[in-house]
Each structure stands twice: as C-alpha cells, then as structure tokens.
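A.B. asks: pasting the structure only:
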C-alpha cells in the first residue's frame, strides 16, 4: 500500500517546571498524512498520538484535533461499484446509482426472499475505508408494485423489507434515505397514472412509507439516522418543483432527522446559483418550523445533460460548490459522481483515468477542513466573492474568485498580510505588490502555509528530574504502517 511519509516534532511549554505544575506538550505532524484511500496525498490526519515520559504513557490525543472548525464530514462522494476507489478525501458514500444490484427490487426478488450478497459487498467495501454509509431505499420489486418507481400495492411489502434491512445492517449502515428524487415523474410513479405532489393514495403514499420506515429503523437501531426524500429542481421555474413537493410531504406527516435535497442548478448556470437553491430549502423548512441539519446528497454541474460545463471551468465549479454550500449552512455535500458520464460531475474515466477535478476536490478539502469561516461570504465590487477563514495561532486565509465569470479575469487587491495563494490544483504561489489576478476558479490567499496538524496534551504527571518526553504517531486508517519516527525532547521538573 502506498504510504504517506510524515514526521513528528514535539515541544513543551515550559521546558523547565516545578513539580506538580502543568506542562503542555504539543506534537506536530508535517505534512498532514493522507485522508482517503491510497494514493491520496492530501487531507487531515487520523489516528492517535501517544505521549510518553520514558516508558510511561502520559496520555493520548485522537486526530484530527482541528475539528473545532469545519469538519471533514462536509465532504462526500458517490462512487461506482464498477470502477476504482476514488483517491479523494470523502467521508461518506451514498448507494444510489452506478452500484451492482443493491436496490430494493434487486435484493427482495420475491416475497420473503432476500439476496444480500451485493449489498454486503458494498457495505464491507466502504466501511473498511472509514466511510459513513447512506443507503437510499427505493425501486419497488415487480412482485410488489406495478412499476419500479411506483409505490408498492401493499404497505406490508415495504415494512417487511425495511425491517429485514435495518436488522441486518444495524450498527453498520448509519444513514437511510427514503427514495430518490420523488418530485420527478421519472422516479416516483408512472407519468400516466400518478401525480408528483405528495402521497398518491392511502398507505401507498411516500409520506406513509417514510413514517413507517422511520418507526421501524429507529426501533431496531436507535443510533440510525433517517434522511428525507431528496428532491431535485429547487430552482425557480422548474416544472418539478422540489419546494412544492417537500412542502406537501411535510404537511402530510413525512418524518426525518435530516433534510436532504439535490442541489443541481438550472442549466446553464453558475455555482453561485446554489445560494438561491439553499435559500428555497431554508424557506420550506422555516414555513414548517423545521430545525434539522441540511444535506445536499447529490449534485454535479447542472440539472440537465447538455451542454456539459467546459473542462477548464470544472475544477473551479466543484471547489465553489463546497465553499458556497458550507458557508450557507449545508452540513454535508455528496458530489455526484466520480466515474459517471461527463455531464454528471465526472472525475475519472477508463480511457484517461483521473482528471483535474480530483486534485480540485482534495484541494478544497484541505482549504476548509479545520478552518473556521469568519462571518458570511461577501460579494464585493467587480463581482468578486470572498470567504474569510481563520485557524489557530494567527493563521488567516481568504477564498476569492470573480463570480459568474466566463473566462474573464480581474485584478484583485488582496488584504494586507497575505504572502501566498493556493490554486485549485493545489499549487502554491507567492504574492507581492498588493494585487493578484483572479478568475472564476477560486484561490485561497493566506498569511502563510496552511498549518500542520498538531495534538496537544496538558499534564501534571511528570516526575522529578530530567524527563525524556516522546510523541509517537502510529499512522492513520489508510496508511497503518506510515508511522513517523518518535519525536523526543527533555523536560526538567524541579522540586
């Protein structure tokens, strides 16, 4: 397995102390080890740092210790069962599309008959990578209903499957999503016989399916989390209006722990249009007095297939989708899709391998994870958008780009104290002279490099005399043998 080379340093404050007084030990990893399947080379450290005084363990600190800022949980990806594991810093995997036969209709091939092999493989594959799992329940089996995207004829077939599913994967699948894009004629009922808004009839309506699933899942696994049906088409003027559908669903008693939506923008458009989509989501929630986390469980370039966003602009679009949604309060965003067709956010294909969207994903992950957004993002003169961030020990940064640009550039006067910027490829550039040229791909200005990850332990347990203090890092979840050499220093304790 490719390994990430790390080095550990340890400092103490003070280095000469009185017996019984507090000493703060700080171990720093440089560079931050990989987060994500090999050969990922960017991200935040995972694992444990152990501090010793001689052979005596003083305590442990679990990485990442910077999670007081933006959590790594913001970042997710839908991947295909048929293609390589993406070398990106994803913390969540969603089951819908491009998977090997793991829908309700694939598993529950006849009444009381379940074939779990493919779903077992999917769960095992991503759990070993440390991923949270979102399983989307959908597609009615032919024996249970008239169409794959129609509700079942009897509620009992649904409750039997949900019961079997939650029982088998209790403690393994953490998140359950009820259906996929039910506001669309293509994915909820047949256009000739069904409407798109709310339940269709009696116990066959999606609100009733959601109520039933919520009760069953929670009764079997109290730690499980249920997501709402994720509607698409939240932009103004859509014929399949997600806001209208979800308003009806909630009024009909639909229940959930997380408000899920699909943040595709209208085609053509800009990543900045996401602000209107999130505003529409929040308006529905406010009208229904809902206060739950918001997740975008699927989005790529556009809502339609054509035209595909020009290749040169794709990395910047991807980075902005994460920056903008985080700033608007979206807690998790699952990019769609690693190996799909080009119009669906493609990051890899079998002819050329990974494209420039992979380093863009990992770069924006590194920009945001552990940072703290200072206030709101701001649109300034010249259609320039800025988002300001801080980290401990005086680090400040600013993501900046020219909004709605189609290739034009802008000379931007950056804040005093900035010494460098990082572009969406992860390349670092020095700055001087007070201005920098920007376009519609964001850059991250900073007053220095993004700080290395550190672990801090405060202790009063050091004995008298010269203490050989050691910090030992054993490697992270993916690079278990990539431990740093122990870092050692001497702390003298006086009587």
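C.D. replies: Received, thanks. Bear in mind that the values here come from a model prediction, so they are computed numbers and not experimental data.
A.B. asks: all strands in the stretch 151-300 of the chain, in order from the N-terminus.
C.D. replies: Counting by DSSP state E, counting those that start in this stretch, one finds strands in the stretch 151-300 of the chain at the ranges 175-178, 225-227, 259-262, 294-299.
A.B. asks: reformat these as a markdown table; add distance to residue 70 and mean neighbour count.
C.D. replies: Backbone N, C-alpha and C define where each C-beta goes, glycine included. Output for these, formatted as a markdown table (distance: least, Cβ to Cβ, whole Å; neighbours: other Cβ atoms under 10 Å):
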| stretch | distance to residue 70 | mean neighbour count |
| --- | --- | --- |
| strand 175-178 | 20 | 26 |
| strand 225-227 | 20 | 21 |
| strand 259-262 | 20 | 26 |
| strand 294-299 | 15 | 26 |
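A.B. asks: could you report the neighbour count for residue 434?
C.D. replies: Counted with other Cβ atoms under 10 Å, the neighbours of residue 434 add up to 11.
A.B. asks: export the strands of the stretch 151-300 of the chain as CSV, with columns for distance to residue 96 and mean pLDDT.
C.D. replies: Output for the strands of the stretch 151-300 of the chain, formatted as CSV (distance: least, Cβ to Cβ, whole Å; pLDDT from 0 to 100):
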stretch, distance to residue 96, mean pLDDT
strand 175-178, 8, 98
strand 225-227, 11, 98
strand 259-262, 10, 98
strand 294-299, 7, 98
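A.B. asks: closest to residue 149 out of those?
C.D. replies: Of all those, strand 175-178 sits nearest to residue 149, with 13.5 Å by Cβ to Cβ.
A.B. asks: mind giving me the packing neighbours of the closest one?
C.D. replies: strand 132-137, helix 206-220, strand 225-227 (3 or more Cβ pairs under 8 Å, 6 or more residues apart in numbering; DSSP states H and E).
A.B. asks: which of the ones you listed is buried the deepest?
C.D. replies: Ranked by mean neighbour count, these are led by strand 132-137 with a mean of 23 (mean count of other Cβ atoms under 10 Å).
A.B. asks: so for that one, mean pLDDT?
C.D. replies: Strand 132-137 shows a mean pLDDT of 97.
A.B. asks: just checking: what are the partner strands of that strand?
C.D. replies: strand 92-94 (parallel), strand 175-178 (parallel) (DSSP bridges).
A.B. asks: closest to residue 458 out of those?
C.D. replies: Closest to residue 458 of the strands paired with strand 132-137, according to Cβ to Cβ: strand 92-94, at 33.2 Å.
A.B. asks: mind giving me the packing neighbours of the helix or strand just after that closest one?
C.D. replies: Downstream of strand 92-94, the first helix or strand assigned by DSSP states H and E is helix 104-107. Packing partners of helix 104-107 (3+ Cβ pairs under 8 Å, 6+ apart): helix 117-127, helix 155-168.
A.B. asks: next, the buried residues of the longest one.
C.D. replies: It refers to helix 155-168. For helix 155-168, a neighbour-count test (16 or more other Cβ atoms under 10 Å) marks 155, 157, 158, 159, 160, 161, 162, 163, 164, 165, 166, 168 as buried.
A.B. asks: contacts for it next, please.
C.D. replies: Contact with helix 155-168 is made by 104, 107-108, 111-112, 114, 116, 135, 137, 141, 144-145, 152, 173, 176, 203-204, 208-209, 212-213, 216-217, 220-221, 224, as judged by Cβ atoms under 8 Å, 6 or more residues apart in numbering.
A.B. asks: so for residue 466, which of the helices and strands packed on strand 175-178 sits nearest?
C.D. replies: Closest among the helices and strands packed on strand 175-178, using Cβ to Cβ: strand 132-137, at 45.9 Å.
A.B. asks: to the chain's geometric centre, what's the distance from that closest one?
C.D. replies: 14 Å (Cα atoms, centre = their mean, to the nearest Å).
A.B. asks: so that it lines up with my notes, have the first residue be 549 from now on.
C.D. replies: Sure, I'll start numbering at 549, so the last one becomes strand 680-685.
A.B. asks: angle of that strand against helix 665-675?
C.D. replies: For strand 680-685 against helix 665-675, the angle by axes from the mean of the first three to the mean of the last three Cα atoms, to 10 degrees is 150 degrees.
A.B. asks: got CSV for the helices and strands packed on strand 723-726, with distance to residue 815 too?
C.D. replies: Formatted as CSV, those follow (distance: least, Cβ to Cβ, whole Å):
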stretch, distance to residue 815
strand 680-685, 24
helix 754-768, 26
strand 773-775, 25
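A.B. asks: ramachandran coordinates for the spatially most central residue of the chain?
C.D. replies: Residue closest to the average C-alpha location in the chain (Cα atoms, centre = their mean): residue 623, at 1.8 Å. Reported as degrees, to the nearest 10, the phi and psi values for residue 623 are phi -100, psi 130.
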